[in-house]
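Asker: Quick one: sequence plus predicted model below, questions after.
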Amino acid sequence: MRKLNLIGITFSGLLAILIFSFATCKYSFNDVGSIPAEVKTFRVNYFENKAQYVNSYLSPNITEKLKQKIIGTTRLKQTNSDDAHYDISGYVSQYYATTIAVSGNNASGNRLTVGVHLKFRNTLDEKKNFETEVSSTFDFPASQTLNEVESTLNPEIVRNMVDQIFNKIFSNW
């Protein structure tokens with residue numbers, strides 16, 4: 001009986017190994033839509049800050065993080081040439097805080113709105129050129145000032161804005 005049980009366990013183990021050896025589960029999320037084969041280069045121009053309130057951290061970081069994301073996620077090569085196949089530029093257009101919640105006579109929540117005006121130029125296909133606005137909001141407690149929360153919000157703001165810009169250019173979202 002014991003020998004039969006051992007054979008059954010061994011057979012079950014071998015069967016499981018066999019099943020899992022041939023079974024594959026592949027998960028992938030391709031963030032990039034199809035980039036035409038003839039597109040080889042890109043240029044990201046400096047994203048100037050034209051918002052009424054200037055957060056000096058945003059412009060250089062959005063510019064650099066966008067370059068890094070394109071380099072790390074696509075096959076495109078960065079260039080500073082005027083004839084880059086994809087020419088990306090824009091500016092920070094909005095950066096302001098508003099009160100979103102009131103408790104009694106006091107503000108209890110604030111919202112930071114950040115907007116970027118994006119200009120995309122495809123030098124190989126002018127029909128693909130566009131300009132658009134991307135924006136996001138970030139909530140923070142009214143007990144903190146904008147200056148106090150900026151240092152913690154800045155990385156999230158940059159990541160969010162870069163992702164939105166990237167998706168507008170390379171994804172069909």
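Answerer: Now that the structure is in, tell me what you want to look at.

Asker: from here on, contacts and neighbour counts on C-alpha atoms
Answerer: Fine.

Asker: Show the backbone phi and psi for Q52.
Answerer: With angles defined as degrees, to the nearest 10, Q52 shows backbone torsions of phi -60, psi -40.

Asker: Help me confirm that it comes into contact with V92.
Answerer: No: in this structure Q52 lies outside contact range of V92 using Cα atoms under 8 Å: 9.7 Å.

Asker: neighbour-wise, which of the two wins?
Answerer: The residue with the greater number of neighbours, taking Q52 and V92 and applying other Cα atoms under 10 Å, is V92; the counts read 25 against 11.

Asker: Now do the same contact list for that one.
Answerer: F47, E48, N49, K50, A51, L58, S59, V114, G115, V116, H117 (Cα atoms under 8 Å, 6 or more residues apart in numbering).

Asker: Take those residues and keep only those in strands.
Answerer: Where those overlap with strands, as defined by DSSP state E, the overlap consists of E48, N49, V114, G115, V116, H117.

Asker: which one of these has the most neighbours?
Answerer: Neighbour counts for the ones in strands among the contacts of V92 were taken using other Cα under 10 Å; the highest belongs to V116, which has 27 neighbours.

Asker: The nearest residue to that one once chain neighbours are set aside in helix, strand or coil?
Answerer: For V116, the nearest residue in space outside its immediate sequence neighbours is V92; the separation is 4.4 Å by Cα to Cα, 6 or more residues apart in numbering. The three-state label for V92, taken from DSSP: H, G, I helix; E, B strand; the rest coil, comes out as strand.
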